[in-house]
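Engineer: build me a model from this:
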Amino acid sequence: MARLFTRLAAIFLAVGLFFTSQSLAAPQRAEAADPGYLMLHFTGEGSGGQQMYLAHSADGLRWNDLNGGAPILRSTIGTKGVRDPALVRSPDGSKYWIIATDLCISCGQSWSDSINNGSRNIVVWESTDLVSWSEPWLLNVAGAIPDGRNAWAPEAIWNPATNDYVLYWSTNVPLDGRTKHRIFYARTSDFRSITTPQIYIDRPGTQELIDTQIVEVPDGVGNYRYVRASGDGQITLEGSNSILGTWTALGNLLGIGVTGTQGPGNTVEGPMWMKFRDRNEWALYLDQYATGRGYMPVTTTNPSATGTYQLPASGSYSMGVNKKRHGSILNLTAAEETRVLARYANTPAQRLQSFNFQDRYVRHANFDVLIDQNVTSDDAKFRLRPGLAGTGTVSFESVNNPGYFLRHANYDFQLVRNDGTAQFAADATFRKVAGLADSTWSSFQSYNHPDRYIRHYAYKLRLDPITTATGRGDATFRVTN
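Structural biologist: Okay, the predicted model is just below:
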């Protein structure tokens, strides 16, 4: 009997340990399965760096560049450069907007130009799924500000008190002949029209303020529902229980060695908030512009308490390959993450070499498509994406015009922006098959006209039936780097 009790006790102990181990392991598995974070940013000066880039992180601290490190959107309007983007999600998740500074330093515009006679517009894109974006438009936010010289670093936050967005940005309105950037705000519901701009933050005297970003804090953390961090010569924190109400000064981050233009140390700007989804902890990312190193995170368990902020430990974060500057972070849902990672997968940039004119490659020129000699520029580089219209197919996305694909219309080819329609998807989708002239090469069969293939004729790309040896050669390509 004693031996029986001993065996039963052992069994109960094993069962108890099993369920204990399951209860301990389950949160870890759930945490690992949680969706991650999406960062929208620019990388630096020049026409390439001042465009829209994305990075993804599973834990909010270690980031991987998306889209092969290339821009996901390029501005085609205004100065044709964009910086300081904010990624805005509607409360119901049905719409998204990107809003950004219309500015292109070192590509036709100097800092003096931008400060004293810059664009009064911001650039806006809209999406319903976070992956297909509208054509950009310009929203004039500073034109109605007396002597307003520019519009920089736009941000927006949903205001439940007014059931619309508070859009805020920096504009230089000179004071006594000297530059003075202040933060202005207006209300909007659609980022196409705004109310009359009003002063939002104005520091005393000649003190300028360019960058500010607001975070909403849950009940039970600190004394304020909202905390804003501003780059005004240092990183200054303020708290409020109403976005358009009274804000209380909370201090700054000088105590942890983060300072700005008025002192020594780690000169930073572009504060960017992120809430860790699995705990009451926040990262405030700061752009180390003075040392050229881009973003680093400082962390806190209470955004309104300056004494809780900590510099990152060595090796505790990684920002990926691209430099990440003044941007915006979105906590993704599972569905959003699936779409984003599929759409902006790190598919390599490749060229299509002609079989029967092997010194020629497919390229676009003024949005027409042809084969041209020895082209190595990005005009001849495409990402072979999963087909827009069907599984087991491919679509060709331009590298230097992200969101634009090779599409046939009346059997002619052009480079066209994806408008999200089923017709576009079908016209831009192809089946990759063994080369019609050489099975070690490739040919591309139309998805919606399966009796036709991509081929060149008089060096222009066409969609034709292939019935001759010449046609088979014209319709055969090598996918190469």
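Engineer: roughly how far does residue 358 sit from residue 374?
Structural biologist: As judged by CB to CB, to the nearest Å, residue 358 and residue 374 stand 10 Å apart. C-betas here are computed from N, CA, C, even on glycine.
Engineer: list the contacts of stretch 428-440.
Structural biologist: The contact list for stretch 428-440, computed with CB atoms under 8 Å, 6 or more residues apart in numbering, reads 355-356, 384, 387-390, 392-396, 405-408, 416, 418, 441-448, 450, 453-454, 466, 469, 471-473, 475-477.
Engineer: and with 6 Å instead?
Structural biologist: With CB atoms under 6 Å, 6 or more residues apart in numbering as the test, stretch 428-440 has contacts from 355, 387-389, 393-395, 405, 407, 441-445, 447, 466, 472-473, 475-476.
Engineer: from the residues you listed, which land in helices?
Structural biologist: If you go by DSSP state H, the contacts of stretch 428-440 have 472-473 in helices.
Engineer: of the contacts of stretch 428-440, grab the buried ones for ChimeraX.
Structural biologist: To isolate the buried subset of the contacts of stretch 428-440 in ChimeraX, counting by 16 or more other CB atoms under 10 Å, use the following:
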select :355,387,388,389,393,394,395,405,407,441,442,443,444,445,447,466,472,473,475,476
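Engineer: tell me where the stretch 51-200 of the chain has helices.
Structural biologist: 111-117 (DSSP state H, counting those that start in this stretch).
Engineer: which parts of it are strands?
Structural biologist: 53-57, 63-65, 82-89, 96-102, 121-127, 137-140, 152-159, 164-172, 181-188, 198-201 (DSSP state E, counting those that start in this stretch).
Engineer: dump the ones you listed to TSV, plus distance to residue 412.
Structural biologist: Below are the strands of the stretch 51-200 of the chain laid out as TSV (distance: least, CB to CB, whole Å):
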stretch	distance to residue 412
strand 53-57	32
strand 63-65	35
strand 82-89	32
strand 96-102	32
strand 121-127	28
strand 137-140	29
strand 152-159	40
strand 164-172	42
strand 181-188	41
strand 198-201	51
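Engineer: out of those, which gets nearest to residue 46?
Structural biologist: strand 82-89 (11.2 Å; CB to CB).
Engineer: now the closest one - C-alpha only, PDB.
Structural biologist: Extracted in PDB, the C-alpha atoms of strand 82-89 (Å, rounded to 0.1, in the frame of the first residue of the first chain):
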ATOM      1  CA  VAL A  82       9.600  64.300 -47.700                       C
ATOM      2  CA  ARG A  83      10.900  64.200 -44.100                       C
ATOM      3  CA  ASP A  84       9.600  63.900 -40.500                       C
ATOM      4  CA  PRO A  85       6.700  61.600 -41.300                       C
ATOM      5  CA  ALA A  86       3.800  60.700 -39.000                       C
ATOM      6  CA  LEU A  87       1.800  57.500 -39.500                       C
ATOM      7  CA  VAL A  88      -1.900  58.100 -38.500                       C
ATOM      8  CA  ARG A  89      -4.500  55.300 -38.000                       C
END
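Engineer: for that strand, which outside residues touch it?
Structural biologist: Against strand 82-89 from outside (CB under 6 Å, 6+ apart): 40, 42, 50, 75, 96-101, 103, 123, 153, 155-156, 326-328, 330.
Engineer: quick one: least confident helix or strand in this structure?
Structural biologist: helix 2-33 (a mean of 38; mean pLDDT, DSSP states H and E).
Engineer: after that one comes which helix or strand?
Structural biologist: Next helix or strand after helix 2-33 toward the C-terminus (DSSP states H and E): strand 37-42.
Engineer: what angle sits between that following strand and strand 82-89?
Structural biologist: 150 degrees (axes from the mean of the first three to the mean of the last three CA atoms, to 10 degrees).
Engineer: neighbouring strands - and their directions - for strand 37-42?
Structural biologist: When pairing is defined by DSSP bridges, strand 37-42 lines up against strand 53-57 (antiparallel), strand 325-331 (antiparallel).
Engineer: who does the host helix or strand of residue 236 pair up with?
Structural biologist: Element membership of residue 236, judged by DSSP H and E, is strand 235-240. Take DSSP bridges as the rule and strand 235-240 pairs in its sheet with strand 226-231 (antiparallel), strand 248-252 (antiparallel).
Engineer: show me what contacts residue 333?
Structural biologist: residue 35.
Engineer: go with 10 Å
Structural biologist: 35, 89, 93, 130, 339 (CB atoms under 10 Å, 6 or more residues apart in numbering).
Engineer: most neighbours of all those, which one?
Structural biologist: residue 130 (24 neighbours; other CB atoms under 10 Å).
Engineer: tell me the contacts of that residue?
Structural biologist: Neighbours of residue 130 in contact, by CB under 10 Å, 6+ apart: 38, 54, 87, 89, 93, 95-96, 98, 330, 332-333, 335-337, 339-340, 343-344.
Engineer: thinking again about what came up before, and the strands paired with strand 37-42: which comes nearest residue 137?
Structural biologist: Once those are compared by CB to CB, strand 325-331 is nearest, at 18.9 Å.
Engineer: report the inter-axis angle for the closest one versus strand 96-102.
Structural biologist: 170 degrees.
Engineer: packing partners for the helix or strand immediately after strand 325-331 in the chain?
Structural biologist: Next in sequence after strand 325-331, counting helices and strands by DSSP H and E, comes helix 334-343. The criterion is 3 or more CB pairs under 10 Å, 6 or more residues apart in numbering; DSSP states H and E, and the helices and strands that helix 334-343 contacts are strand 37-42, strand 53-57, strand 325-331, strand 382-386.
Engineer: quick one: closest of these to residue 206.
Structural biologist: Using CB to CB, the nearest of the helices and strands packed on helix 334-343 to residue 206 is strand 325-331, at 22.9 Å.
Engineer: let's see the closest one as CSV, backbone CA atoms only.
Structural biologist: What follows is strand 325-331, C-alpha atoms only, in CSV (Å, rounded to 0.1, in the frame of the first residue of the first chain):
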residue,chain,number,x,y,z
ARG,A,325,15.5,59.7,-38.5
HIS,A,326,12.5,61.6,-37.2
GLY,A,327,9.5,59.4,-37.8
SER,A,328,6.6,57.5,-36.3
ILE,A,329,5.9,54.1,-34.7
LEU,A,330,2.6,52.1,-35.0
ASN,A,331,1.7,49.1,-32.8
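Engineer: what average pLDDT does that strand get?
Structural biologist: The pLDDT scores in strand 325-331 average 97.
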